[in-house]
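Colleague: Need the 3D shape of this:
(2 chains)
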Amino acid sequence: MLYWFDTYPGGTRMSNGSRRISLDWWTVIAALAAAGLIKAGLIPNVPW
Amino acid sequence: MTEAVALDSTPPVGLPARIARLLPGIALLFVIGYAGKITEQFLRSYGTAHHLALPNIEYVLWAILFGLVIANTVGVAQVFRPGIATYEVWLKSGIVLLGARFLLGDVLKLGGISLGLVAIELVVAIALMTVLGRAFKLKPKLTSLLAVGSSICGVSAIIAAQGAIEADDEDAAFAIAAILALGAFGLFAYPVLGRLLHMSDHAFGVWAGLAVDNTAEAVAAGALYSDAAGKVAVLTKSTRNAMIGFVVLGYALYWASRGQAHQVANKAAFVWQKFPKFVLGFLFISLLATLGFFHKGQIGSMANLSRWAFLLTFAGVGLKTDFRELRKQGLRPFVVGALAELFITIVTLGLVLAASTLFHL
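Modeller: Below is the predicted model of the structure:
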């Protein structure tokens, strides 16, 4: 079970056995999701 | 990372409420960053229209300056703080996306050179900080935190080490204050020195990645020099960040052997836990780009998205640097840090100039 986010670099194991995902991993997930959206053409062009 | 702790330290609230709390600060980051971008564009067009040779000052500097002015004059209202603390999220996401602009072969080549230089920098920085800490009679754990902060990656490394060596909050606050002040100074001083020394973009990027302590400041210093230098600074700094687990483990074992910290049961798990995962994301995106997974237009879009993420980061760098707070922390840790940084600057400059000759950086 995933939670919102945790600031400890390695994440935290919760008392019910689940693990909170670290902020570090969330940044990777967010960037990969953005890359996936660009690849899928859902974000066709990002201007600068 | 410190600031982000505040996101978790409040009573449990739903996800929409948590996101809502972040929005004012994120909006402020965007407004300040975008104001920097507009200022750069305005000055460029004004110079062209009036045939004036105005210096080309990048949005990076404007965004940081606007943030600094706000933080050190009117201050940052509480409502903005949770959102401003997300600057590190934007930084790391931006670094992952920047991986699309690197071919994996270049990453491995430059990363290999950087790794050798980082190893030397680590030894010099840790040895120097230890000697200076003893000479200035700083508390031993404060010296350890300053050594970790100056040798690897600033604030994140200090926080990671604080838990591992069971240092006081006060020591961590001293070390963070000193590292932030020196990072802010380095951010402005390094590009000027680089120009005076006529350094190439690659050489300067490696130098900024090696010598500037905090990741955001290192990336900003590189970007202030040039786009290419910014890319190389990210790569070198990420190589340095990857060493965090090993250095913190070394200090944890040292303090545990003296009975002043818990024993480390599983060393491999410890190193993995401290490892910055965004480095893996960066390598993964770089691998995909190398394999031709993205076409040219998509790589351009990812690079631009990375620039927007950095724009928010640079605004955050300015907003989080409050010199009034830094002054409260006292002078001695700052003097020790400054002396060590001065020496590290000279040593790393020598290393980079030697590497430039050997590897044609």
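Colleague: pLDDT score for residue 26?
Modeller: I went with chain A, as the question did not name one. A:W26 is assigned 88 on the pLDDT scale.
Colleague: nope, chain B
Modeller: For B:I26, the model assigns a pLDDT of 96.
Colleague: In which helix or strand does it reside?
Modeller: Here B:I26, judged by DSSP states H and E, is contained in helix B:15-49.
Colleague: Are the helix or strand just after that helix and chain A in contact anywhere?
Modeller: Past helix B:15-49, further along toward the C-terminus, the next helix or strand under DSSP H and E is helix B:59-72. No - legend: contact between helix B:59-72 and chain A by CB under 8 Å from any CB of the partner chain is lacking; minimum distance shown is 10.2 Å. All C-beta spots, glycine's among them, are computed from the backbone N, C-alpha and C.
Colleague: Where does the prediction get shaky in chain B?
Modeller: Within chain B, the segments meeting pLDDT under 70 span B:1-12, B:55, B:325-326, B:329-330, B:361.
Colleague: What parts of it come near chain A?
Modeller: Residues of chain B lying near chain A (CB under 8 Å from any CB): B:1, B:4-5, B:7-8, B:15, B:18, B:88-89, B:92-94, B:96-97, B:100, B:156, B:160, B:272-278, B:280-281, B:284-285, B:288, B:293-294, B:297-298, B:300-302, B:304-305, B:307-308.
Colleague: what helices or strands is the helix holding B:I26 leaning on?
Modeller: Applying 3 or more CB pairs under 8 Å, 6 or more residues apart in numbering or on different chains; DSSP states H and E, we find helix B:15-49 packed against helix B:59-72, helix B:81-84, helix B:296-320.
Colleague: give me the number of residues near residue 21?
Modeller: No chain specified, so I'll use chain A. 17 (other CB atoms under 10 Å in any protein chain shown).
Colleague: think we crossed wires, I meant chain B
Modeller: Neighbour count of B:R21, defined by other CB under 10 Å: 17.
Colleague: Go ahead and confirm it touches B:P82.
Modeller: Yes - with contacts counted by CB atoms under 8 Å, B:R21 reaches B:P82, the gap being 4.9 Å.
Colleague: one step back: pull out the buried residues from the helix holding B:I26.
Modeller: Of the residues in helix B:15-49, B:18, B:21-22, B:24-26, B:28-29, B:32-37, B:39-40, B:43 count as buried by neighbour count, 16 or more other CB atoms under 10 Å in any protein chain shown.
Colleague: Now for the closest residue to chain A within the stretch 151-300 of chain B, how many residues are close by?
Modeller: When scored by CB to the nearest CB, the stretch 151-300 of chain B has B:Q273 as its residue closest to chain A, at 3.0 Å. Neighbour count for B:Q273, taken as other CB under 10 Å: 18.
Colleague: need the next SSE after the helix or strand hosting it, C-terminal direction.
Modeller: With the criterion set as DSSP H and E, the secondary-structure element containing B:Q273 is helix B:267-274. Of the helices and strands lying after helix B:267-274 in sequence (DSSP H and E), the nearest is helix B:277-290.
Colleague: Do you know the pLDDT at A:G11?
Modeller: At A:G11, the pLDDT value in this model is 51.
Colleague: which residues does B:F30 contact?
Modeller: Under the criterion of CB atoms under 8 Å, 6 or more residues apart in numbering or on different chains, the contact partners of B:F30 comprise B:311-312, B:315.
Colleague: what do you get if the cut-off is 10 Å, keeping everything else the same?
Modeller: B:F30 makes contact with B:83, B:308, B:311-312, B:315, according to CB atoms under 10 Å, 6 or more residues apart in numbering or on different chains.
Colleague: could you flag which of those residues are buried?
Modeller: B:83, B:308, B:311-312, B:315.
Colleague: quick one: buried residues of stretch B:283-295?
Modeller: When neighbours are counted by 16+ other CB under 10 Å, the buried residues of stretch B:283-295 are found to be B:283-286, B:288-290, B:294.
Colleague: doesn't B:G99 make contact with B:D106?
Modeller: No - under the contact definition of CB atoms under 10 Å, B:D106 does not touch B:G99, with a separation of 11.1 Å.
Colleague: which residues are common contacts for these two?
Modeller: What both B:D106 and B:G99 touch, as defined by CB under 10 Å, 6+ apart, is the set B:235, B:286, B:290.
Colleague: State whether the second one and A:A35 are indeed in contact, as I suppose.
Modeller: Meaning B:S286. No - applying CB under 10 Å as the test, B:S286 and A:A35 come out as separate, 11.3 Å apart.
Colleague: Mind listing the shared neighbours of these two?
Modeller: With contacts taken as CB under 10 Å, 6+ apart, B:S286 and A:A35 have B:96, B:99-100 as neighbours in common.
Colleague: Return the member of the residues you listed nearest to chain A.
Modeller: Top of the list for closeness to chain A, among the shared contacts of B:S286 and A:A35 and by CB to the nearest CB, is B:V96 at 3.5 Å.
Colleague: check which helix or strand covers that closest one.
Modeller: Under the assignment given by DSSP H and E, the secondary-structure element containing B:V96 is helix B:87-98.
Colleague: And that helix, what does it pack against?
Modeller: Helices and strands in packing contact with helix B:87-98 are listed as helix A:23-39, helix B:2-8, helix B:15-49, helix B:154-165, helix B:215-225, helix B:227-241, helix B:277-290, helix B:296-320; criterion 3 or more CB pairs under 10 Å, 6 or more residues apart in numbering or on different chains; DSSP states H and E.
Colleague: one more time with 6 Å
Modeller: For helix B:87-98, the elements it packs on are helix A:23-39, helix B:277-290, helix B:296-320, judged by 3 or more CB pairs under 6 Å, 6 or more residues apart in numbering or on different chains; DSSP states H and E.
Colleague: which other residues reach that helix?
Modeller: By CB atoms under 6 Å, 6 or more residues apart in numbering or on different chains, the list of residues contacting helix B:87-98 from outside reads A:27-28, A:30-31, B:216, B:234, B:278, B:281-282, B:285, B:302, B:305-306, B:309-310, B:312-313, B:316.
Colleague: Output the set of residues of chain A in proximity to chain B.
Modeller: Contact residues (CB under 6 Å from any CB of the partner chain) of chain A with chain B: A:7, A:9-10, A:23-25, A:27-28, A:30-31, A:34-35, A:38, A:45-46, A:48.
Colleague: out of these, what pair is the most spread apart?
Modeller: Longest distance between any two of those is 37.0 Å, between A:G10 and A:N45; criterion CB to CB.
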